[in-house]
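[1] show me how the following folds:
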Amino acid sequence: MVTMLRRRAVSSVIPLLVVVLGVFFLARLTGDPANLYLPLSATPEMRAEFAARNGFDQPLITQFGDYLAQVAHLDFGESLRTAQPAGEAVLRAFPATLQLAGWTMLLAIVGAVVIGSLAAYRPNSVTDRVASFLSSTAASVPDFWFAIMGVLVFAVTLGWLPTSGTSGAAAWVLPVATLLIRPFGVLVQVVRGAMVSALSAPYVKVARAKGARESRVVFGHALRNAAAPALTVAGDLAVGLVNGAVVVETIFGWPGIGKLMIDSVLQRDFAVLQAAVLLTALVIFALNILVDVCHALLDPRVRQRAAA
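    Numbering: from 1, shown residues only. Down below sits the predicted model:
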């Protein structure tokens, strides 16, 4: 297990450097921050002083080297907009995204296990057909379309739910529902397929022949063996939620890392944007490693391959 963790950590270094390199240089393509932070009547001397104060007068390679040196000391620079440390701004916003993604995945996993197991228990039944149709539809619905329709119907037309904010349970309904629909649909299909295979396996037939309770057969034997593929897909979906919350947070004004990234791009706040992308990449790599560890714990074959 330790060997696998070491390999995964080492293999994540190069992709992380590529992410850092990409966001650093792509951020500069958004334009000169001086056009936003200085008045229209700014003189060339004022622009030169602004560039020198923020290090923009140096060649890009020099700027990138200085940035890597700062990151090595956990210094992510200062926000151009607020003059506060960029790392603090990112750390303030990230818990909101983690809470949103966490509740979404919890509800998606619990609902998918229950509905997927019920559908697999009686294949080709009415329950199975309805679950398969609804899960396929949910997995195909674009997040942004569902979010816009949710605002239009439940916030604007009916007035039942707020369009933005985080105070009160009602403010969570539309953001969570928007992020929930696709992972829920995908997981129902995965759990259903894995459970159909598990319930027809020889060990399940042996357990039934020995007189084991049906609930124990389904949830104790079949579900435990069907958990590995579902866990792998759930991990990928969790990574997608952290990475893809940008659209949902922007639409609903959710004060998370996604909205912070969009605001930083629009405001050309390079330091905050770089810190936000770097922290998001670190969380994504950590989630991928955690999924691999959980998969190894559930499947002895994975542990054997990792130890080889």
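[2] the longest helix belonging to the chain: how far from the chain's middle?
    Longest among the helix segments of the chain by residue count, using DSSP state H, is helix 86-121. Relative to its chain's centre, helix 86-121 lies at 9 Å (C-alpha atoms, centre = their mean, to the nearest Å).
[3] identify the residues contacting Tyr203.
    By C-beta atoms under 8 Å, 6 or more residues apart in numbering, Tyr203 lies in contact with His221, Asn225. (C-beta placed from N, C-alpha, C; glycine too.)
[4] let me know the pLDDT of it.
    pLDDT recorded at Tyr203 is 77.
[5] quick one: mean pLDDT over the longest helix of the chain.
    88.
[6] same for that helix, what does it pack against?
    Judged by 3 or more C-beta pairs under 8 Å, 6 or more residues apart in numbering; DSSP states H and E, the packing partners of helix 86-121 are helix 126-140, helix 170-199, helix 223-252, helix 257-266, helix 270-298.
[7] remind me which residues of this protein are low pLDDT?
    Along the chain, segments meeting pLDDT under 70 span 1-5, 243-244, 298-308.
[8] show me what counts as buried in the longest helix of the chain.
    86-87, 89-90, 93-94, 96-97, 100-101, 104-105, 107-109, 111-113, 115-121 (16 or more other C-beta atoms under 10 Å).
[9] repeat that for stretch 23-39.
    Buried positions in stretch 23-39, judged by neighbour count with 16+ other C-beta under 10 Å: Val23, Phe24, Ala27, Arg28, Thr30, Pro33, Ala34.
[10] re earlier: of all the helices and strands packed on helix 86-121, which lies closest to Gly150?
    helix 170-199 (4.8 Å; C-beta to C-beta).
[11] that closest one versus helix 86-121: what angle between them?
    Interaxial angle of helix 170-199 relative to helix 86-121 (axes from the mean of the first three to the mean of the last three C-alpha atoms, to 10 degrees): 50 degrees.
[12] following helix 170-199 in sequence, what is the next regular element?
    Next helix or strand after helix 170-199 toward the C-terminus (DSSP states H and E): helix 202-209.
[13] tell me the angle that following helix makes with helix 170-199.
    90 degrees.
[14] returning to that earlier point: between the helices and strands packed on helix 86-121, which one is nearest to Val19?
    Closest of the helices and strands packed on helix 86-121 to Val19 is helix 270-298, at 4.6 Å (criterion: C-beta to C-beta).
[15] elements contacting that closest one?
    Using 3+ C-beta pairs under 8 Å, 6+ apart: helix 270-298 touches helix 2-11, helix 13-27, helix 86-121, helix 223-252, helix 257-266, helix 300-307.
[16] could you find the closest non-adjacent residue to the spatially most central residue of the chain?
    By C-alpha atoms, centre = their mean, the chain has its centre lying nearest to Val242, at 1.8 Å. Of all residues not flanking Val242 in the chain, Ala101 sits nearest, at 5.4 Å (C-beta to C-beta, 6 or more residues apart in numbering).
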